[in-house]
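S.K.: need the 3D shape of this:
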Amino acid sequence: MKYDVTIIGGGIVGLATAMQLKERRPNLKIALLEKEKTLAAHQTGNNSGVIHSGLYYKPGSLKAVNCLNGYQKLIEFCNREGIAYELCGKIVVAVSDEELPRLENLYQRGLENGLTRNKKITAAEIKEYEPNIAGLAGIWVPYTGIVDYKEVCNKYALIFTERYGGEIYLNHRVTGIKRNTNRSIVTAGDKRFETTLMVNTGGLYCDKIAQMGGMNPDVRIIPFRGEYYELEENKHHLINNLVYPVPDPAFPFLGVHYTRRISGDIEAGPNAVFAFRREGYKKSDFSLAETVNALFWPGFIKVMRKYWRTGLGEFYRSYNKNAFTKALQKLSPNIRKDDLVPGGAGVRAQACTRDGRLIDDFLIEQDLLMINILNAPSPAATASLSIGETIADMVAKRF
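M.R.: As a prediction, this is how the structure comes out:
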């Protein structure tokens with residue numbers, strides 16, 4: 001089967017790219033390949049459903065630009081297509097004196113990113129938003145919202161296929177790519193897709209797909225599992241909306257926080273532990289080959305040396321509910337161990353360079369036959385329409 005563009009990966013970035021490319025260039029023949037039986041089965045389908053405001057990201061970075069642009073596009077899309085969402089807002093809370101300067105820096109970063117409606121709040125004002133949260137000071141972020149990203153993905157897919165005539169192949173794992181001078185043959189399932197251009201949005205396996213396609217990116221995907229608890233239903237009143245800590249700039253993850261889902265459930269977490277399998281959603285999930293592949297990557301060896309104390313603490317919380325509860329009590333002293341029941345888990349595809357940097361921005365690399373999205377962590381879901389637009393523009397220039 002011959003195609004102009006073959007997109008590998010049916011998560012939110014791949015689907016947004018497919019939809020927007022087909023909208024811009026309806027004459028292009030486009031196939032999207034997904035190895036699972038459903039769309040959005042991994043990072044997209046296991047995230048917390050937050051519509052991010054762009055508060056955290058370095059002004060001018062790909063994350064900041066695409067989050068701010070994608071935020072508006074996502075809200076407009078949900079309004080237009082009848083997808084339920086809520087701009088419930090969140091508070092970021094400083095719980096110690098040493099966090100106060102970082103809170104101020106965060107507020108200023110928000111202003112640089114155009115978030116002029118953010119508001120500094122006092123300890124007393126925190127209680128007005130979240131009566132069960134304790135802190136010295138905070139930031140009220142009214143832009144933040146919640147949505148079901150699986151529903152968003154299904155709508156992207158419906159528009160791509162039914163409105164624009166695109167083709168989606170589920171249960172089609174890519175097992176081989178053969179490049180010629182100006183075309184490639186992608187083998188997936190029992191089919192061969194002859195294509196002019198490949199777009200790799202393979203998430204947890206994007207580096208492997210890039211290598212399969214003849215490129216050799218100088219990054220390796222390191223999987224980090226984020227584990228959640230949920231509040232018992234009779235304890236939902238303890239959290240109104242979203243409550244976040246002040247992020248530690250020395251650690252690349254946000255820390256445990258509270259998130260009200262669009263369903264009404266309240267999530268608490270996540271921690272961030274190395275996953276011994278790229279799709280390792282359970283503690284018992286293990287792949288010797290994938291573990292060795294990560295642990296012997298020179299960059300990850302350097303990361304482990306730098307963050308070993310923090311990493312051990314994350315693993316301790318993973319196996320000790322008392323420790324997890326204690327971390328949550330820094331924000332909400334009224335939370336008790338018995339208020340928490342095991343929730344879900346997600347795995348973040350974190351790109352790590354050979355020299356030991358955990359890439360903090362979106363990363364796209366390309367050659368004549370292939371465009372690879374090699375790092376698209378949060379806020380990729382919020383930014384999906386902006387990222388998809390960027391990739392669609394890159395693809396359109398090839399035709």
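S.K.: ends of stretch 267-276, how far apart?
M.R.: End-to-end distance for stretch 267-276, by CA to CA, to the nearest Å: 24 Å.
S.K.: run through who's touching it.
M.R.: 48, 222-231, 253, 256-261, 285-287, 290-291, 294, 311, 314-315, 317-318, 324, 328, 335, 340, 343, 345-348 (CB atoms under 8 Å, 6 or more residues apart in numbering). C-beta here means a position set from N, CA and C on the backbone, and glycine is covered the same way.
S.K.: can you show me the helices along the stretch 101-250 of the chain?
M.R.: 123-129, 149-158, 206-212 (DSSP state H, counting those that start in this stretch).
S.K.: please state the offset of the last one from the chain centre?
M.R.: Pointing back at helix 206-212 there. The gap between the average C-alpha position of helix 206-212 and the chain average comes to 19 Å, counting by CA atoms, centre = their mean, to the nearest Å.
S.K.: and it, what does it pack onto?
M.R.: Using 3 or more CB pairs under 8 Å, 6 or more residues apart in numbering; DSSP states H and E as the contact criterion, the neighbours of helix 206-212 among helices and strands are strand 174-179, strand 191-200, strand 219-231, strand 370-375.
S.K.: what about the helices in the stretch 251-399 of the chain?
M.R.: Counting by DSSP H, counting those that start in this stretch, the helices of the stretch 251-399 of the chain are 288-295, 298-319, 321-329, 384-396.
S.K.: just the buried residues of the first one, please?
M.R.: Right, helix 288-295. By 16 or more other CB atoms under 10 Å, the buried positions in helix 288-295 come out as 290, 291, 293, 294.
S.K.: tell me who's in contact with residue 163.
M.R.: The neighbourhood of residue 163, defined by CB under 8 Å, 6+ apart, contains no residues.
S.K.: state the pLDDT value of it.
M.R.: The model reports residue 163 with a pLDDT of 97.
S.K.: one more: residue 249?
M.R.: At residue 249 the predicted local distance difference test score is 73.
S.K.: for the closest residue to it other than its chain neighbours, give me its contacts.
M.R.: What sits nearest to residue 249 in space, not counting adjacent residues and going by CB to CB, 6 or more residues apart in numbering, is residue 102, at 7.0 Å. For residue 102, the contacting residues are 94, 246, 247, 248, 249, taking CB under 8 Å, 6+ apart as the criterion.
S.K.: repeat the analysis, applying 10 Å as the threshold.
M.R.: Residues touching residue 102, when contacts are defined by CB atoms under 10 Å, 6 or more residues apart in numbering, comprise 92, 94, 96, 246, 247, 248, 249.
S.K.: what of residue 342?
M.R.: For residue 342, the contact set (CB under 10 Å, 6+ apart) comprises 227, 228, 229, 230, 321.
S.K.: hmm, try it at 8 Å
M.R.: Contacts of residue 342 by CB under 8 Å, 6+ apart are 229, 230.
S.K.: ok, residue 161 touching residue 169?
M.R.: No: when contacts are counted by CB atoms under 8 Å, residue 161 is not listed as touching residue 169 (10.9 Å).
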